[in-house]
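In: sequence and predicted model, in that order:
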Amino acid sequence: EKHNEANGEDNNDGESHNRSWNCGVEGPTDDPEVLQLRGRQHRNFLTTLFISQGVPMLAHGDELGRTQQGNNNVYCQDNELSWVDWELDKERTELLAFTQRLITLRNEHPVLRRRRFFAGAAQHGGESELEEIGWLTPDGARMRDEDWNATYARSIMVFLNGQAIPEPDERGERIVDDSFLVLLNADAASTDFTIPPPSYAKTWTAVIDTDGTIEVGASRAAGATLTVAGRSVIVLSTMAPEDV
């Protein structure tokens, strides 16, 4: 819920239809499970933002977990509700470092910041014969129409093909990048994902894990099973072939 009482309008100002979740406790808490989940959700949203196509819109302080204490309309507040607190504790320092890793990853890989959207139809996530992007179920199979329409689905994989970037660089030369496999698990329970067959890549290396259960740099072979913690994201990469 919004908490705009400090604005002096009896909490009537600001949007009431908030797509937010308090993770089990409304407002500040010392509950370690709630705090852990909130921290993971911070990392989840930052990860999905920086691996998405288009220009990332990062609000000031998002990289630090800045909070307005539930006030979604701080236009009249010139105090701690709207300021950025630069005295960072351990958790905020770690979140800043995590955000910096994501920004570096995006800057280093053109497949994550293409200038044009995918060629395929939007209702199938841009998939086309160009194979720029692929959507897979947790068992490593390509999604079918019934999978797209399944209301119960909470887990999905996305393949970003670094060898299928259609636009050239500023010199008119072909852009070839590493490929990425994004494992998203929005379910509360952990889910087993099957790494897709070798036609995608023989081996994948972990570059991001919002839960921290897999070590960055750890490798998984095609066909292997990888358990993704509940409400977390793992990003894997594979190097582009040298002969492409």
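Out: It's in. Numbers count the residues shown, from 1 in each chain.

In: got any ranges where this structure has weak pLDDT?
Out: 241-244 (pLDDT under 70).

In: how about the closest residue to P197 other than its chain neighbours, what does it touch?
Out: Closest residue to P197 apart from its sequence neighbours, by C-beta to C-beta, 6 or more residues apart in numbering: A222 at 5.5 Å. In short, each C-beta sits where N, CA and C put it, glycine included. Residues near A222 by C-beta atoms under 8 Å, 6 or more residues apart in numbering: 195-198, 200-204.

In: number of residues surrounding N18?
Out: The number of residues packed near N18 is 11, by other C-beta atoms under 10 Å.

In: how close does it sit to N12?
Out: 14 Å (C-beta to C-beta, to the nearest Å).

In: Three-state assignment for the spatially most central residue of the chain, please.
Out: The centre of the chain sits closest to T48, judged by C-alpha atoms, centre = their mean, with a distance of 1.9 Å. Recorded secondary structure, T48: helix (DSSP: H, G, I helix; E, B strand; the rest coil).

In: I figured it was touching T210, is that so?
Out: No: using C-beta atoms under 8 Å as the test, T48 is too far from T210 to be in contact (9.5 Å).

In: pull up the overlap in contacts between those two.
Out: Contact criterion C-beta under 8 Å, 6+ apart; residues shared by T48 and T210: V233.

In: can you show me the helices along the protein?
Out: 32-50, 90-108, 145-148 (DSSP state H).

In: in the shortest one, which residues are buried?
Out: So that's helix 145-148. Residues of helix 145-148 classed as buried: none (neighbour count, 16 or more other C-beta atoms under 10 Å).

In: check the first one too.
Out: Along helix 32-50, the positions that meet the burial threshold by neighbour count (16+ other C-beta under 10 Å) are 37-40, 42-44, 46-47, 49-50.

In: would you list those in CSV and tack on distance to G126?
Out: As requested, these are exported to CSV (distance: C-beta to C-beta, whole Å):
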residue, distance to G126
L37, 31
R38, 31
G39, 31
R40, 28
H42, 27
R43, 25
N44, 22
L46, 22
T47, 19
L49, 18
F50, 18
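
In: between the helices of the chain, which one is closest to G172.
Out: With C-beta to C-beta as the criterion, G172 lies closest to helix 90-108 of those, at 21.6 Å.

In: dump that closest one to CSV, keeping only the CA atoms.
Out: The C-alpha trace of helix 90-108 is given here as CSV (Å, rounded to 0.1, in the frame of the first residue of the first chain):
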residue,chain,number,x,y,z
LYS,A,90,27.1,-3.6,3.8
GLU,A,91,23.9,-4.5,2.0
ARG,A,92,23.8,-1.3,0.0
THR,A,93,27.5,-1.4,-0.8
GLU,A,94,27.0,-4.9,-2.2
LEU,A,95,23.9,-3.9,-4.2
LEU,A,96,25.9,-1.0,-5.7
ALA,A,97,28.7,-3.4,-6.7
PHE,A,98,26.1,-5.8,-8.2
THR,A,99,24.6,-3.0,-10.3
GLN,A,100,28.0,-2.0,-11.5
ARG,A,101,28.6,-5.6,-12.6
LEU,A,102,25.4,-5.5,-14.6
ILE,A,103,26.3,-2.2,-16.3
THR,A,104,29.7,-3.5,-17.2
LEU,A,105,28.2,-6.7,-18.6
ARG,A,106,25.8,-4.6,-20.8
ASN,A,107,28.5,-2.3,-22.0
GLU,A,108,30.7,-5.2,-23.0
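
In: please consider this matter closed, and thank you.
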